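Participant: sequence first, then the predicted structure, then my questions.
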Amino acid sequence: MSERSRNAVRTTLQLTCLLLCVLGLVVGLSGVYLLMKFWQGILCFSNTYITMPAILTLASAAFLIASGCLGSWLSLRDSICLQGLFVYLLVVVFCLESTATALAYFHSVKLDSETTSLSGVFQNYTGNSQDPSSRAVDTMQEQLQCCGVHDYMDWIKTPWFNRTGERALPQSCCNSTFLSCNGTVEQQLYKQGCQVKLEKALQFVLSFIIWGLPVVFLVEAVVLIMVAQLMRERPFMEYQILGKN
């Protein structure tokens with residue numbers, strides 16, 4: 001390989017390693033988003049297993065960024081040890097991403113069975129800020145910008161609505177852009193239900209994790225080809241048998 005071709009390979013390697021760092025940030029953000037949605041709708045989940053894809057994507061994001069930084073450094077110098085470590089990190093990233101994708105697909109298919117119905121929680125709503133369940137419902141509706149389980153009409157079937165004289169819904173149902181809203185049915189409320197909105201958000205981020213694997217794998221394949229080109233040009237080390245005295 002000529003010096004010009006070698007420099008072109010190094011430049012390509014540097015650019016693809018920069019892309020690895022960007023992918024690491026994107027993958028990490030998807031993991032953070034999944035964890036954030038889980039904590040916002042924690043009342044909907046019967047277990048915490050759905051957080052596993054998020055944890056694995058965060059781990060793979062850390063390794064992706066580390067691989068990108070190491071690869072950029074590797075493009076500037078020749079080192080067999082660094083090349084071996086770089087390839088090892090890429091293999092770890094692929095294993096983590098593959099596992100996260102498999103779990104994300106599993107949870108996306110089983111999402112309906114993993115989210116418990118919120119009907120019972122809404123039926124026990126008291127509106128008292130000292131009640132943990134009621135406070136959790138208000139927090140969820142404010143953060144997810146939703147109202148009710150499937151829509152705001154679910155509140156009409158609750159004891160809370162009867163106690164208000166069948167006129168008002170919780171203040172947390174009010175659309176935050178309308179400051180004069182006091183929870184009456186005639187005013188501007190969030191129309192979409194919390195469980196429906198949460199499931200849509202989770203399906204989106206799980207699908208994002210699933211389709212992120214082919215992109216990461218493609219970039220890794222390009223990087224491995226570039227590293228192989230550089231490694232192929234290194235002369236083999238010659239060993240000599242020491243003669244006996």
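Facilitator: Nice, thanks for sending it over. These figures come from a predicted structure and were not determined experimentally.
Participant: starting at the chain centroid, how far to the lowest-mean-pLDDT helix or strand in the chain?
Facilitator: The weakest-scoring helix or strand in the chain, judged by mean pLDDT, DSSP states H and E, is helix 111-114 (a mean of 73). Here helix 111-114 is found 18 Å from its chain centre; the criterion is Cα atoms, centre = their mean, to the nearest Å.
Participant: helix or strand next in line after that helix, which one?
Facilitator: helix 119-123 (DSSP states H and E).
Participant: any idea whether residue 149 is helix, strand or coil?
Facilitator: Following DSSP: H, G, I helix; E, B strand; the rest coil, residue 149 is assigned to coil.
Participant: what's the spacing between it and residue 220?
Facilitator: From residue 149 over to residue 220 the distance is 43 Å, taken as Cβ to Cβ, to the nearest Å. Yep, even glycine has a C-beta here, placed from its N, CA and C like the rest.
Participant: now do residue 41
Facilitator: For residue 41, the distance to residue 220 - Cβ to Cβ - is 33 Å.
Participant: can you list the buried residues in stretch 195-212?
Facilitator: For stretch 195-212, a neighbour-count test (16 or more other Cβ atoms under 10 Å) marks 195, 197, 198, 199, 201, 202, 205, 206, 208, 209, 210, 212 as buried.
Participant: quick check: the first one touching residue 150?
Facilitator: It stands for residue 195. Yes. Shown here, residue 195 and residue 150 form a contact pair, counting by Cβ atoms under 8 Å, at 6.7 Å.
Participant: confidence score at residue 7?
Facilitator: The per-residue pLDDT reported for residue 7 equals 71.
Participant: does it count as helix, strand or coil?
Facilitator: With three-state DSSP as the basis, residue 7 sits in helix.
Participant: I'd like the distance between it and residue 70.
Facilitator: 20 Å.
Participant: between those two, which has more neighbouring residues?
Facilitator: residue 70 (18 against 12; other Cβ atoms under 10 Å).
Participant: hang on, isn't that one packed against residue 85?
Facilitator: Yes. Using Cβ under 8 Å, residue 70 makes contact with residue 85 at a distance of 6.7 Å.
Participant: identify the residues contacting the least confident helix or strand of the chain?
Facilitator: With Cβ atoms under 8 Å, 6 or more residues apart in numbering as the contact definition, helix 111-114 has outside contacts at 45, 46, 47, 49, 50, 107, 199, 202, 203, 206.
Participant: got it, and stretch 168-180?
Facilitator: 125, 127, 137-139, 141-142, 145, 147-148, 152, 155, 160-161, 181-185, 187-190.
Participant: which members of the residues you listed are classed as buried?
Facilitator: The neighbour-count test (16+ other Cβ under 10 Å) marks 125, 127, 137-138, 141-142, 147-148, 152, 155, 160-161, 181, 183, 189-190 as buried among the contacts of stretch 168-180.
Participant: among the residues you listed, name the ones in helices.
Facilitator: Among the buried ones among the contacts of stretch 168-180, the residues falling in helices (DSSP state H) are 137, 138, 141, 142, 160, 161.
Participant: for this protein, what spans make up the helices?
Facilitator: With DSSP H, the ranges of helices along the chain come out as 3-40, 52-74, 80-109, 111-114, 119-123, 132-144, 159-163, 194-232.
Participant: hang on, the earlier thing: any idea which of the buried ones among the contacts of stretch 168-180 is closest to residue 76?
Facilitator: residue 142 (50.2 Å; Cβ to Cβ).
Participant: for residue 150, give me its contacts.
Facilitator: Contacts of residue 150 by Cβ under 8 Å, 6+ apart are 193, 195, 196.
Participant: what's the distance between the second one and residue 129?
Facilitator: Just to be clear, that refers to residue 195. Counting by Cβ to Cβ, the gap from residue 195 to residue 129 is 23 Å.
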